[in-house]
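Enquirer: test case, fold it:
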Amino acid sequence: MPIRAVLWDIDDTLFDYTGADRAGLAAHLAAEGVAERYGAPREALALWRRITDRHWERFAAGEGSFQGQRRDRVREFLGEPGMSDAVADDWFGRYVGHYQAAWELFPDVVPALDALAQGYRHGVLSNSSVVNQDPKLRHLGLRDRFEVLVCAVELGVSKPEAGAFLAACEELALEPHEVVYVGDQPEIDARGARDAGLTAVWLDRDGLRGPGPEGVHRIAGLERLPELLALDTRFGARSGIR
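Expert: Got it, this is the predicted structure:
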């Protein structure tokens, strides 16, 4: 049976999350007068990301609340464990303002979505929350492109667990073998989708990683995706016609 739908990751797949996070954090630290404490913007972002990943993993495991993990990230990053909830919330809110000001799509996103619009249904599966991702997609002009938006926080299960991918397929009323998943993470996205029975496409934009999981399709840019779906008969294209 052919592929009928494309499920998308958002951050660092459609949206330049790393670029926005780096620029937004740098602007925020400068505005707060603490930029020199963290060295170069790349070093500050690396520390922020390590802290974010650790607290998000705890939250994904059922420890604490969504807002709580944000507050804990701020406290650890600033080295102020006794900071009040209100102060931590205000600090994070100011950071978000700088981060949102730097939001941009990758340039290959809209052309790829346009090329695939007629042949495939589209949805999103993200390890974030609808509260975060719905406004982001609307701001970037993409929300109407997707039939469904499925996020880990509301779902209660996150990638790479099979249940996350299967839930998104259920939202589309399709079987896993009828869906391709596109994401930038070789393990969380590609391996997870493959193991759940979807066709996995790993978007490796920087090309600097290792070989990646077996049994997934690897592309360096989204301009390759329409061609991949059209020419490979495993995606249901009519061989020799397109």
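Enquirer: rest of the way, CA atoms for contacts and neighbours
Expert: Fine.
Enquirer: what separates residue 83 from residue 116, distance-wise?
Expert: 48 Å (Cα to Cα, to the nearest Å).
Enquirer: just the strands in this structure please.
Expert: 5-8, 121-126, 148-151, 179-183, 199-203, 217-219 (DSSP state E).
Enquirer: same list (those) but as CSV, adding distance to residue 31 and mean pLDDT.
Expert: Compiled in CSV, those are given as follows (distance: least, Cα to Cα, whole Å; pLDDT from 0 to 100):
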stretch, distance to residue 31, mean pLDDT
strand 5-8, 34, 98
strand 121-126, 30, 98
strand 148-151, 32, 98
strand 179-183, 33, 98
strand 199-203, 34, 97
strand 217-219, 38, 95
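Enquirer: with distance to residue 43 and mean neighbour count added, can I get the ones you listed in JSON lines?
Expert: Formatted as JSON lines, the strands of the chain follow (distance: least, Cα to Cα, whole Å; neighbours: other Cα atoms under 10 Å):
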{"stretch": "strand 5-8", "distance to residue 43": "29", "mean neighbour count": "23"}
{"stretch": "strand 121-126", "distance to residue 43": "26", "mean neighbour count": "22"}
{"stretch": "strand 148-151", "distance to residue 43": "29", "mean neighbour count": "22"}
{"stretch": "strand 179-183", "distance to residue 43": "25", "mean neighbour count": "26"}
{"stretch": "strand 199-203", "distance to residue 43": "25", "mean neighbour count": "25"}
{"stretch": "strand 217-219", "distance to residue 43": "28", "mean neighbour count": "19"}
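Enquirer: JSON lines for those strands, including distance to residue 45?
Expert: Converted to JSON lines, the strands of the chain look like this (distance: least, Cα to Cα, whole Å):
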{"stretch": "strand 5-8", "distance to residue 45": "25"}
{"stretch": "strand 121-126", "distance to residue 45": "21"}
{"stretch": "strand 148-151", "distance to residue 45": "24"}
{"stretch": "strand 179-183", "distance to residue 45": "21"}
{"stretch": "strand 199-203", "distance to residue 45": "22"}
{"stretch": "strand 217-219", "distance to residue 45": "26"}
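Enquirer: for residue 106, which of those strands is the nearest?
Expert: strand 199-203 (12.1 Å; Cα to Cα).
Enquirer: what does the closest one rub up against?
Expert: With Cα atoms under 8 Å, 6 or more residues apart in numbering as the test, strand 199-203 has contacts from 13, 176-177, 179-186, 189-191, 193-194, 215-222.
Enquirer: let's see that with 6 Å instead.
Expert: Here strand 199-203 makes contact (Cα atoms under 6 Å, 6 or more residues apart in numbering) with 180-184, 190, 193-194, 216-220.
Enquirer: same thing with stretch 174-194?
Expert: 3-9, 13, 159-160, 197-204, 212.
Enquirer: export that stretch as CSV, just CAs?
Expert: The C-alpha trace of stretch 174-194 is given here as CSV (Å, rounded to 0.1, in the frame of the first residue of the first chain):
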residue,chain,number,x,y,z
LEU,A,174,-3.9,5.5,8.7
GLU,A,175,-1.8,2.5,9.3
PRO,A,176,1.9,3.0,10.1
HIS,A,177,3.0,1.6,6.8
GLU,A,178,1.0,4.3,5.1
VAL,A,179,3.0,7.1,6.8
VAL,A,180,6.5,8.5,6.4
TYR,A,181,8.1,10.4,9.2
VAL,A,182,10.6,13.2,8.6
GLY,A,183,12.9,14.4,11.4
ASP,A,184,16.4,15.6,12.2
GLN,A,185,17.3,13.2,15.0
PRO,A,186,18.7,9.8,13.9
GLU,A,187,17.6,8.0,17.0
ILE,A,188,14.6,9.8,18.4
ASP,A,189,13.1,10.5,15.0
ALA,A,190,14.4,8.0,12.4
ARG,A,191,15.0,4.9,14.5
GLY,A,192,11.9,5.5,16.5
ALA,A,193,9.7,5.9,13.4
ARG,A,194,11.3,2.8,11.8
